[in-house]
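S.K.: fold the following.
(one chain, ligands or ions: 2)
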Amino acid sequence: MYYKQYGNTGMKVSAIGLGTMRYNDEDIKAGRLEKCAEIPLYAFEKGINYWDTAPFYCDDKSEIVTGIALSQVKRSDVYVTSKTNFNTLKSQKPDRDMFRRRLEMSLDRLKTDYIDFYHMWCMLNLDSWEKHMEALYSFFEEAKADGLIRNIVFSSHMQGNEIETVVDSGKFKGMLIGYNALNYRFRQSGIEKAHKNGMGVVVMNPLGGGMIPQNPEAFSYLTKGTDLTVPQAALRFVASHKEITVTLAGCTTKEHIDDAVKAVENLKEAPAAEIVKQYENEGVAFNNLCTGCAYCKGCPKDIPIPKFMDAYNQKILTGNDSSIKSRINNHWGMDGKKAADCIACRKCERECTQHLPIIDRLKEISQLIG
Ligand code: SF4
Ligand code: SF4
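M.R.: Ligands and ions are numbered 1, 2, ... in the order given. Predicted coordinates for the structure are as follows:
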């Protein structure tokens, strides 16, 4: 396993981290949690010492499964995370007791006295971040002073310049962001700034919400000069950034872990600017694809936006207008006319993690469908 320093914390973490949101669904539903815990234990055997978990993952069982595994290894040999925000606390104005109860629940489930990295979770934009800072940051600080958490970090879907603002606040030891071969331009300046300021950078969604493995031909350029598969090469693309500390791989099976470990064998790091230049010189840049994250859900006209944006992805990937209609009809089995219902309220665009021009794309789809 290849290891990196987590910012200025003095912690040495594996370049691949275990994303614990993909424990086997059937085992989770059947309550076979010990069996699920074999995954983090196998990851540990392979040198993966960074385990990222949260409330709600895997029917709210991820922390419990992760705790079963954590209790079977030497505690100081693994860095474990969890997360909180207004949603987990079920209040826009949470008090200290609510914060503590949630944190204590995570500690209890994880069977530990402390969490190494506790996230101010899912800051969608600066406005949401500011509100969370005002309401919660002092509780994080107090929990840290009490030894319940070791490092205060945040996770976000903001774009690069907004991330820079959060980094500049100097309030966090690290961050968790979505970064991959599809969206790097949105966040590149943010990771560069965080690295420069001595923060750790952990990356989620390195496979672009499945877009990369689902389109192996379009992304075959990532494998050039390697014996890696497209998903492995996509992990390596992220992990090779000097600015990125940990690349999370969501693993259901031991084979997934083996694949992820292979992706960083003999890793060579380079600055983001160099890597991006190299790929863009080859004429490939897919920063404008929908990742299917579904943060845009809740359209007042009930438009299934992620499905329409997925159909639009096909046009970007194939260069063929007709692929939109075929995806809508054959893959999604939808009535494409629904795209015309958009009233341009912009709700979805404000929430889109990729900052996509959803309204324009729906208009274009609507015209193509006729
Ligand atoms: S802009 Fe259109 S698609 Fe987006 S939420 Fe509003 S009505 Fe729905
Ligand atoms: S349109 Fe944006 S928010 Fe919606 S699924 Fe796609 S990337 Fe996510």
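S.K.: for the stretch 251-370 of the chain, give me the ranges with low pLDDT.
M.R.: For the stretch 251-370 of the chain, residues meeting the criterion pLDDT under 70 lie at 281-287.
S.K.: can you list the residues of it near ligand 1?
M.R.: 299-301, 303, 305, 342-348, 358-359, 362 (Cβ under 6 Å from any ligand atom). Where you see a C-beta, it was placed from the backbone N, CA and C, and this is true even at glycine.
S.K.: just the buried residues out of these, in ChimeraX syntax.
M.R.: Per 16 or more other Cβ atoms under 10 Å, the buried members of those correspond to this ChimeraX selection:
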select :299,303,305,342,347,348,358,362
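S.K.: report the entries of the residues of the stretch 251-370 of the chain next to ligand 1 that also contact ligand 2.
M.R.: Okay, of these touching ligand 2 (Cβ under 6 Å from any ligand atom), that's Ile305, Ile358.
S.K.: out of the residues of the stretch 251-370 of the chain next to ligand 1, which is nearest to Trp129?
M.R.: Nearest to Trp129, judged by Cβ to Cβ, of those is Lys347 at 19.3 Å.
S.K.: quick check, that closest one in contact with Pro300.
M.R.: Yes: with contacts counted by Cβ atoms under 8 Å, Lys347 reaches Pro300, the gap being 6.9 Å.
S.K.: thinking again about what came up before, and which of the residues of the stretch 251-370 of the chain next to ligand 1 is nearest to Asp321?
M.R.: Scanning those for proximity to Asp321, where the rule is Cβ to Cβ, the winner is Leu362, at 14.8 Å.
S.K.: ok so the closest one is a strand residue?
M.R.: No: in this structure, Leu362 is helix, not part of a strand, as judged by DSSP: H, G, I helix; E, B strand; the rest coil.
S.K.: quick one: it and Ile303 touch, right?
M.R.: Yes: with contacts defined as Cβ under 8 Å, Leu362 counts as touching Ile303 at a distance of 7.1 Å.
S.K.: would you pull up the residue in the stretch 1-150 of the chain closest to ligand 1?
M.R.: The nearest approach of the stretch 1-150 of the chain to ligand 1 comes at Leu124, 15.0 Å away (Cβ to the nearest ligand atom).
S.K.: so the residue lying closest to that residue once chain neighbours are set aside versus Leu207, what's the distance?
M.R.: Of all residues not flanking Leu124 in the chain, His157 sits nearest, at 5.6 Å (Cβ to Cβ, 6 or more residues apart in numbering). Applying Cβ to Cβ, to the nearest Å, the value for His157 to Leu207 is 16 Å.
S.K.: between those two, which one's more packed in?
M.R.: Ranked by neighbour count (other Cβ atoms under 10 Å), His157 and Leu207 place His157 first, with 26 against 21.
S.K.: Arg150 looks like it's in a strand, true?
M.R.: Yes: Arg150: assigned to a strand according to three-state DSSP.
S.K.: contact residues of the stretch 251-370 of the chain facing ligand 2?
M.R.: Counting by Cβ under 6 Å from any ligand atom, the stretch 251-370 of the chain sits next to ligand 2 at 290-296, 305-306, 309, 351-354, 356, 358.
S.K.: ends of stretch 116-136, how far apart?
M.R.: Terminal residues of stretch 116-136 lie 18 Å apart, using Cα to Cα, to the nearest Å.
S.K.: with stretch 249-259 instead?
M.R.: Across stretch 249-259, first to last residue, Cα to Cα, it's 10 Å.
S.K.: buried sites along that stretch?
M.R.: Applying 16+ other Cβ under 10 Å to stretch 249-259 flags Ala249, Gly250, Cys251, His256, Ile257, Asp259 as buried.
S.K.: which of the residues you listed fall in strands?
M.R.: Ala249, Gly250 (DSSP state E).
S.K.: between all of the buried residues of stretch 249-259, which two are separated the most?
M.R.: Spanning the widest gap among the buried residues of stretch 249-259 are Gly250 and Asp259, at 11.7 Å by Cβ to Cβ.
S.K.: show me what contacts Asn215?
M.R.: Residues in contact with Asn215, defined by Cβ atoms under 8 Å, 6 or more residues apart in numbering, are Leu317.
S.K.: about what we covered before: which among the buried residues of stretch 249-259 gets closest to Cys36?
M.R.: So of these, ranked by how close each gets to Cys36 (Cβ to Cβ), first place is Cys251, at 10.8 Å.
S.K.: quickly note the distance from that closest one to ligand 2.
M.R.: In this view, Cys251 and ligand 2 are 23 Å apart by Cβ to the nearest ligand atom, to the nearest Å.
S.K.: which residues does the closest residue in space to that residue that isn't next to it in sequence contact?
M.R.: Nearest residue to Cys251, sequence neighbours excluded (Cβ to Cβ, 6+ apart): Ile257, at 4.9 Å. Counting by Cβ under 8 Å, 6+ apart, Ile257 touches Leu18, Ile39, Tyr42, Ala43, Lys46, Ile48, Ala249, Cys251.
S.K.: you'd agree the fifth one is up against Ala263?
M.R.: What it means is Lys46. No: Lys46 lies out of contact with Ala263 (Cβ under 8 Å); the separation is 11.9 Å.
S.K.: higher neighbour count, these two?
M.R.: Neighbours were counted for Lys46 and for Ala263 using other Cβ under 10 Å; Ala263 has more, 27 against 16.
S.K.: for that one, what are its contacts?
M.R.: So Ala263 contacts Ile16, Leu228, Gln232, Ala233, Leu235, Arg236, Ala239, Ala249 (Cβ under 8 Å, 6+ apart).
S.K.: by neighbour count, which of those residues wins?
M.R.: Highest count within these by other Cβ under 10 Å belongs to Ile16, 32 neighbours.
S.K.: and the pLDDT at that residue?
M.R.: On pLDDT, Ile16 comes in at 98.
S.K.: enumerate every residue touching the nearest residue to it once chain neighbours are set aside.
M.R.: Excluding its sequence neighbours, the residue lying closest to Ile16 (Cβ to Cβ, 6+ apart) is Ala260, at 4.8 Å. Contact analysis of Ala260 by Cβ under 8 Å, 6+ apart lists Ile16, Ile48, Gln232, Leu235, Ala249, Cys251.
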